[in-house]
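In: Return a 3D structure for these sequence lines:
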Amino acid sequence: MVKDEKLLVEEVINRTKKYLNAENVALVQKAYEFASEAHKDQFRKSGEPYIIHPIQVAGILADLEMDPATLMGGFLHDVVEDTTVTIEEIKAEFGSEVAMLVDGVTKLGKIKYKSHEEQQAENHRKMFIAMAQDIRVILIKLADRLHNMRTLKHLPPEKQRRIANETLEIFAPLAHRLGISKIKWELEDTALRYLNPQQYYRIVNLMKRKREEREQYLEDVMSEVKERLDEMEIKADVYGRPKHIYSIYRKMVLQHKQFNEIYDLLAVRIIVNSIKDCYAVLGIIHTCWKPMPGRFKDYIAMPKPNMYQSLHTTVIGPKGDPLEVQIRTMEMHRISEFGVAAHWAYKEGKSMTPQASFDKKLSWFREILEFQNESENAEEFMESLKIDLFSDMVFVFTPKGDVIELPAGSVPIDFAYRIHSEIGNKTIGAKINGKIVTLDYKLKTGDIIEILTSKHSYGPSQDWLKLAQTSQAKNKIRQFFKRQRKEENILKGRELVEKEIKEMDFDHKKVMTAENLKKVADKFNFGHEDDMFASVGYNGISALQVANRLTEKLRKLRDQEEAEKEITAEVKTDPAPKRYDAGVTVKGADNLLIRLSRCCNPVPGDEIIGFVTKGRGVSVHRADCPNIDDNEMENRLIPVEWESDSTNRKEYNVDIEISGFDRRGLLNEVLQTVSGTKTNITAVTGKADRNKMATIMMSISIQNIGHLQKVVDKIKQIPDIYAVRRIMN
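Out: Here you go, the predicted model:
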């Protein structure tokens with residue numbers, strides 16, 4: 001569509017007739033008539049009737065061959081925001097699908113906000129959430145923004161700059177992510193015209209000066225290409241591709257070049273019938289002219305995430321200047337121009353739901369819902385989008401060859417959390433192209449990344465929040481620490497309640513049954529017993545309150561028995577299990593030799609299992625110890641448990657591995673931190689590789705799993721510590 005073109009409604013309707021049946025055309029016509037009546041007394045800043053704007057928006061959507069609902073949404077997109085018409089009326093007149101699309105692009109106009117920025121952020125959040133549910137919302141919004149940019153000259157300069165800046169920050173990158181280059185380039189060029197008119201018109205004038213010379217050069221090149229293609233009997237359309245003003249401007253700014261230093265202003269595009277012909281033409285081009293090293297890109301074999309496919313090569317042209325050549329099929333060209341809209345383009349009798357493979361390619365915008373859930377306010381939500389969705393991207397590979405797209409500046413931690421939260425939480429290192437790197441390594445396009453994990457890792461360190469670049473990774477790390485703090489409070493709360501019950505002279509195991517805990521949690525309006533214990537842990541309610549509720553019936557019964565001085569016969573039970581120096585008991589067996597296995601060093605709080613050895617008693621292992629993971633040993637395994645005597649102060653040996661960035665004083669800081677927890681260090685070794693990755697092996701004496709967790713938490717708070725994990729011998 002030409003920038004200054006003003007379509008009449010008849011022209012828009014005629015365009016829809018090319019691909020819609022009469023019934024659907026009538027629905028679109030009805031939407032126009034409804035919008036025309038709603039906007040009849042309204043005018044734009046230019047003085048034109050307001051209805052001209054919805055007509056142009058619908059015209060842009062008709063060029064994209066969108067479905068009837070989207071076209072109706074184009075005509076109706078402003079009626080709720082700017083007239084007295086309600087969403088309910090739209091739904092009653094045109095159905096819930098059209099109403100949803102109109103609601104998605106309608107601004108939040110009746111809520112008072114502290115600032116214009118806050119209101120805009122809320123408007124964008126609303127639009128993006130609607131987009132995540134139905135991508136046609138953003139297609140209507142892009143068409144709306146495109147026509148508004150074409151008529152921006154009628155607004156005051158300050159408003160022109162604000163809207164142009166918003167277009168460059170949000171809408172042009174979004175059009176790029178959706179692959180709609182036809183809209184993207186016009187939005188960028190028009191925005192530059194208002195943000196930096198001096199540079200815009202300077203580039204326009206510089207391009208005009210040698211236009212005839214460039215056009216003649218391109219004509220000669222295209223004639224030679226056509227001649228060679230005819231010789232090989234390959235049917236193709238060959239034409240010159242104009243360089244867009246904004247792309248020239250960006251190259252001048254980012255690469256610090258003058259206009260006369262930019263040589264790839266010339267480009268030829270070749271459109272053929274098949275993928276086979278694409279590669280055949282590539283061979284012909286490289287035979288005609290020498291290709292420039294490192295300038296060939298195969299986006300057919302590896303499409304961009306926005307579905308763009310093409311072969312790109314740069315050759316030394318006839319006059320010795322670089323010449324860019326793009327080769328693609330007609331379908332690839334259609335997707336290049338219309339992007340996601342090409343997949344949504346209406347086909348008579350076909351569903352408007354995109355194919356599963358296409359839906360997978362656009363999975364990135366599903367993350368918008370995740371950003372929404374994890375953001376505290378609209379401004380934070382928009383900042384997350386700008387970082388993760390609209391920044392420059394790098395494309396890296398998993399070991400299986402899958403392409404992962406990440407913002408430029410991302411590190412292995414971002415990659416790990418993009419794959420899966422648990423992969424991120426268990427990360428202890430990374431390999432890039434087969435070599436171990438530090439976790440602050442900046443990923444580059446083409447890197448093959450393998451994340452090194454350990455099931456014994458204690459999770460991310462606080463330092464990761466500084467290393468991670470993506471909002472997704474940072475949010476996942478924060479969630480981990482939030483859960484961890486909750487788990488600590490649950491453990492602390494449970495211990496406090498048990499202590500109160502013991503002081504009441506009751507057996508906490510008999511009191512704290514699942515049924516009793518559920519009843520008491522319900523009385524305190526907690527959804528789960530863990531929530532109740534967590535509340536005790538952070539002093540939300542007192543341990544005594546919970547203990548009193550749990551022992552209520554038992555205390556009444558005991559008071560009654562004492563008052564009546566009744567003597568209750570003791571119920572005979574099995575002999576109490578014997579305690580051993582190892583701190584482990586075996587029920588029903590006396591005088592057995594029990595020892596803790598050194599291969600896995602179990603400590604109180606670990607799940608354990610006993611293994612009957614020949615002549616050496618019972619060897620106690622952690623339940624996940626690989627040395628007992630053998631079906632042949634099954635008949636020699638016996639249940640064991642930690643003794644519950646709280647006065648036991650026996651210490652147990654544990655080996656941990658600490659990894660981080662090798663800086664001066666790191667080992668000393670780790671030693672001081674561990675000593676500060678009143679933990680005995682029995683052995684320590686350290687090493688560092690040439691990649692500045694430090695590894696510290698440490699043996700410490702601890703009392704139980706809670707003690708170990710406190711030591712690990714303190715170590716992870718040390719700057720430049722990447723991971724801490726418990727290891728087996």
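In: buried residues in stretch 482-499?
Out: Residues 484, 486, 488-498 are the ones in stretch 482-499 that count as buried (16 or more other CB atoms under 10 Å). Heads up, the C-betas are built off the backbone N, CA and C, glycines and all.
In: mean confidence score for that stretch?
Out: Averaged across stretch 482-499, the pLDDT comes to 85.
In: and what of stretch 605-616?
Out: In the prediction, stretch 605-616 has an average pLDDT of 81.
In: Ends of it, what's the gap?
Out: 24 Å (CA to CA, to the nearest Å).
In: Show me which positions of it end up buried.
Out: 605-606, 608-612.
In: For residue 188, what are phi and psi?
Out: phi -70, psi -50 (degrees, to the nearest 10).
In: show me what contacts residue 163?
Out: 148-149, 152, 155, 194 (CB atoms under 8 Å, 6 or more residues apart in numbering).
In: From residue 149, how far off is it?
Out: 8 Å (CB to CB, to the nearest Å).
In: Can you give the contact residues for the strand or helix carrying residue 55?
Out: Taking DSSP states H and E as the criterion, residue 55 maps to helix 52-63. For helix 52-63, the surrounding residues in contact (CB under 8 Å, 6+ apart) are 1, 6-9, 11-12, 15-16, 28, 32, 35, 39, 44, 70-71, 74-78, 139-140, 143-144, 146-148, 150-151, 183.
In: So how do I select the buried members of the residues you listed in ChimeraX?
Out: Buried residues among those (16+ other CB under 10 Å), as a ChimeraX selection:
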select :1,7,9,12,15,16,28,32,35,39,70,71,74,75,76,77,78,139,140,143,144,146,147,148,150,151,183
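In: re the thing from before, what's the closest of the buried residues of stretch 482-499 to residue 215?
Out: residue 484 (65.4 Å; CB to CB).
In: which residue packs closest to the closest one, ignoring adjacent ones?
Out: residue 459 (7.0 Å; CB to CB, 6 or more residues apart in numbering).
In: so the one you found, which of the three states?
Out: coil (DSSP: H, G, I helix; E, B strand; the rest coil).
In: Looks like it contacts residue 482 (just checking).
Out: No - between residue 459 and residue 482 there is no contact under CB atoms under 8 Å: 11.9 Å.
In: where does the residue nearest in space to the middle of the chain fall, helix, sheet strand or coil?
Out: By CA atoms, centre = their mean, the chain has its centre lying nearest to residue 472, at 4.2 Å. Each residue gets one of three states, and residue 472 gets helix by three-state DSSP.
In: isn't it right next to residue 417, touching?
Out: Yes - proximity of residue 472 to residue 417 meets the contact threshold set by CB under 8 Å, at 5.9 Å.
In: so how far is residue 706 from the residue nearest to residue 607 when sequence neighbours are not counted?
Out: Among residues not flanking residue 607 along the chain, residue 623 sits closest, at 3.9 Å (CB to CB, 6+ apart). As judged by CB to CB, residue 623 and residue 706 stand 18 Å apart.
In: the more surrounded of the two?
Out: residue 706 (15 against 12; other CB atoms under 10 Å).
In: Now do the same contact list for residue 491.
Out: Contacts of residue 491 by CB under 8 Å, 6+ apart are 533, 537, 706.
In: wait, doesn't the second one sit right on residue 487?
Out: This points to residue 537. No - taking contacts as CB under 8 Å, residue 537 lies outside contact range of residue 487: 9.5 Å.
In: mind listing the strands for the stretch 301-450 of the chain?
Out: For the stretch 301-450 of the chain, applying DSSP state E, counting those that start in this stretch gives strands covering 311-316, 322-329, 393-397, 403-407, 427-432, 435-437, 449-453.
In: likewise the stretch 501-650 of the chain?
Out: 584-585, 594-596, 608-612, 618-622, 637-638, 641-642.
In: low-confidence ranges in the stretch 601-729 of the chain?
Out: 615, 629-634, 645-649, 729 (pLDDT under 70).
In: taking the strands of the stretch 301-450 of the chain together, which one is wrapped up most tightly?
Out: Most buried of the strands of the stretch 301-450 of the chain by mean neighbour count (mean count of other CB atoms under 10 Å) is strand 322-329; its value is a mean of 22.
In: Distance-wise, check the residue lying closest to residue 246 once chain neighbours are set aside relative to residue 181.
Out: Leaving aside its sequence neighbours, residue 246 sits nearest to residue 188 (CB to CB, 6+ apart; 3.8 Å). Here residue 188 is placed at a distance of 10 Å from residue 181 (CB to CB).
In: if you count what's nearby, which of these two comes out ahead?
Out: residue 188 (25 against 18).
In: so what's the more buried one up against?
Out: So residue 188 contacts 168, 172, 244, 246-247 (CB under 8 Å, 6+ apart).
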